[in-house]
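K.L.:
okay, here's the prediction I keep looking at, along with the sequence it came from:
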Amino acid sequence: MRFQPFALAAVSAAALLPTAAFAVDYLTPEQAQKALFPDADSFEPRTLALDPARMQALEKKTGLPARSANWTVLLARKAGAPLGWLVFDNVVGKFELITYAVALGSDGAVRQIEILSYRESHGAEVRLPAWRKQFVGKTGDSAIKVGDDIGNISGATLSCTHVTDGVRRIVGLMQLARDGGWLG
């Protein structure tokens with residue numbers, strides 16, 4: 001086989017070109033608020049500051065790293081009455097961030113989750129309603145683990161696992177905050 005420097009240069013140059021982007025924004029935070037709490041007329045931000053003891057409690061509760069010492073949660077209200085809580089978060093899929101929101105009722109049970117932005121080339125099936133519906137009703141006492149009470153999607157294993165872990169962390173955080181009076 002004869003060496004062709006031009007062909008080698010063309011292949012090398014093509015390898016340096018950026019690959020196609022797959023980022024898709026499905027909802028803005030404001031649209032997610034309306035979708036998750038359609039009856040709410042206000043959202044009050046609250047900051048949950050986790051000192052080392054609270055971070056350790058969260059890690060013990062969920063079996064996951066606490067990840068952040070400060071969480072902003074939104075209290076959804078209608079005519080002054082609390083409807084529940086909304087928490088926005090990001091997790092890494094395989095390489096890129098997945099932005100999602102978890103809506104919890106006043107009782108701490110998951111009402112719904114929404115995927116706001118998905119940036120991976122594969123695995124966007126986590127946005128399918130049937131998969132997200134598995135979280136409805138889960139509380140801090142639920143397993144919330146892929147393979148236990150949350151099904152996996154072939155080809156989206158990392159996205160499924162990381163979103164599920166994120167929801168488990170948020171549900172655990174909110175249970176500890178409610179039980180411990182951290183919400184103020």
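P.N.:
Sure, I can see it.
K.L.:
low pLDDT regions in this protein?
P.N.:
Residue ranges of the chain with pLDDT under 70: 1-21, 184.
K.L.:
now the strands for it?
P.N.:
Using DSSP state E, the strands of the chain run over residues 24-25, 42-49, 70-78, 81-92, 97-105, 110-118.
K.L.:
in contact with the residue nearest the centre of the chain, which residues?
P.N.:
Centroid-nearest residue in the chain, with CA atoms, centre = their mean: residue 100, separated by 3.9 Å. The contact partners of residue 100, by CB atoms under 8 Å, 6 or more residues apart in numbering, come to 88, 89, 90, 91, 113, 114, 115, 116, 163, 166, 167. To be clear about C-beta, it is placed using only N, CA and C from the backbone, and glycine gets the same treatment.
K.L.:
closest one to residue 39 out of these, please.
P.N.:
Proximity of those to residue 39 (CB to CB) peaks at residue 114, which lies at 16.2 Å.
K.L.:
isn't the closest one right up against residue 32?
P.N.:
Yes: using CB atoms under 8 Å, residue 114 is in contact with residue 32, at 5.2 Å.
K.L.:
joint contacts of those two?
P.N.:
Common neighbours of residue 114 and residue 32 (CB under 8 Å, 6+ apart) are residue 101.
K.L.:
re earlier: could you dump the strands of the chain into CSV and include distance to residue 145?
P.N.:
As requested, those are arranged in CSV below (distance: least, CB to CB, whole Å):
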stretch, distance to residue 145
strand 24-25, 27
strand 42-49, 23
strand 70-78, 21
strand 81-92, 15
strand 97-105, 16
strand 110-118, 14
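K.L.:
which parts of the chain are helices?
P.N.:
5-16, 29-36, 52-62, 129-133, 157-180 (DSSP state H).
K.L.:
so among the contacts of residue 100, which ones count as buried?
P.N.:
The neighbour-count test (16 or more other CB atoms under 10 Å) applied to the contacts of residue 100 identifies 88, 89, 91, 113, 114, 115, 116, 163, 166, 167 as buried.
K.L.:
could I get the residues you listed in TSV, plus columns for distance to residue 41?
P.N.:
Shown next, in TSV, are those (distance: CB to CB, whole Å):
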residue	distance to residue 41
88	19
89	24
91	30
113	22
114	20
115	25
116	22
163	29
166	28
167	26
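K.L.:
list just the nearest of these to residue 59.
P.N.:
Of all these, residue 166 has the smallest distance to residue 59: 14.3 Å, by CB to CB.
K.L.:
from what I can see the closest one touches residue 88, true?
P.N.:
No: Residue 166 is beyond contact range of residue 88, at 10.5 Å (criterion: CB under 8 Å).
K.L.:
what sits against the nearest residue to residue 43 once chain neighbours are set aside?
P.N.:
Spatial nearest neighbour of residue 43, chain neighbours left out: residue 74 (4.3 Å); criterion: CB to CB, 6 or more residues apart in numbering. For residue 74, the contacting residues are 33, 43, 44, 45, 46, 85, 86, 87, by CB under 8 Å, 6+ apart.
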